[in-house]
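> Quick check, what structure comes out for this input:
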Amino acid sequence: MKKFALILAGCGQHDGSETHEVILTLLSMKQEGVEWEAFAPDIQQKRVVNHISDTPDENETRSVLKESARLVRGKIKPINKANLANFDAVIFPGGVGAVSNLCDWIEKGKDFTFHSDIKHLIDNAVSLKKPMGFICIAPMMIPKIYKSAKLTIGNDKGLAEQIHELGCKHVDCKAEDVVVDKENRIVSTPANMVANGIDEVYTGIRKLVKELVQISQ
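Numbering: from 1, shown residues only. Sure thing, here's the model as predicted:
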């Protein structure tokens, strides 16, 4: 039986992991007979956003680990406890937390760097040649992991240009589909970057999980 590591970044599309994408990833893994463990950095969120008004809550602080635990019914560990030798693949759901809590792309753009615990995990994944799946905005992390990788964030021309400037190839993609980079063992799907509904997000994520199962054979 396959076992995947799920890397979370809080709870909520504007400042953490996108809730629909996480739940659909859990459902898809269950449907493919994949076991999982969830991990998140034990740090404070860079920002907290009111999801009703989509405005920052300047006076509120939240733990990335504790917020992530809400999505997996408390079944989560700090990311520095992840031993990737025990897993067949790694999945990064989207949501702004992926590019603000796992790395600082939201602030620094092309000059972004990873949080130290995430950098350590990704370096291990590369060293062990573990397949990785990236959903929604999370594929923006790929150019700092693999040069000349093939990936998608949907069809945003500005982001595609940035990806090309970072040395990777962007492929326009619908929410219901995936882009597979067989050489680097990476799968990406745009999900809520372009989706018209949760059904389209589910179709793309289900394909991503299926591809990771195949790649990890």
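> contacts, neighbours, all on C-alpha from now
Fine.
> For the chain, which segments are assigned as helices?
Along the chain, counting by DSSP state H, helices occupy 19-31, 64-69, 105-108, 116-127, 157-165, 198-215.
> who's in contact with the fourth one?
Contacts of helix 116-127 from elsewhere in the structure, counted by CA atoms under 8 Å, 6 or more residues apart in numbering, are Pro41, Ile79, Asn80, Ala82, Leu84, Val90, Leu102, Cys103, Pro131, Ile145.
> tell me the pLDDT at Thr113?
Looking at Thr113, its pLDDT is 97.
> swap in Met193?
Residue-level pLDDT assigned to Met193 equals 98.
> For the residue of the chain most remote from its centre, give me the backbone phi and psi.
Distance from the C-alpha centroid of the chain, by CA atoms, centre = their mean, peaks at Asn59 (27.2 Å). Note on Asn59: its backbone torsions stand at phi -100, psi 10 [degrees, to the nearest 10].
> ok, how many other residues are close to Lys157?
Using other CA atoms under 10 Å, Lys157 has 12 other residues around it.
> Also Asp199?
Neighbours around Asp199, by other CA under 10 Å: 13.
> Now do it against Pro78, distance only.
31 Å (CA to CA, to the nearest Å).
> and if you look at Ile163?
30 Å.
> same thing with Met29?
From Met29 to Pro78 the distance is 21 Å (CA to CA).
> which of those two has more neighbours?
Met29 (22 against 17).
> wait, what's in contact with the residue nearest to the more buried one when sequence neighbours are not counted?
The shortest distance from Met29 to any non-neighbouring residue, by CA to CA, 6 or more residues apart in numbering, is to Val209 (6.5 Å). By CA under 8 Å, 6+ apart, Val209 lies in contact with Thr25, Ser28, Met29, Glu32, Gly133.
> Buried ones among the residues you listed?
Thr25, Ser28, Met29, Gly133 (16 or more other CA atoms under 10 Å).
> Wait, Ala40 touches Ala9, no?
Yes - judged on CA atoms under 8 Å, Ala40 makes contact with Ala9 at a distance of 5.9 Å.
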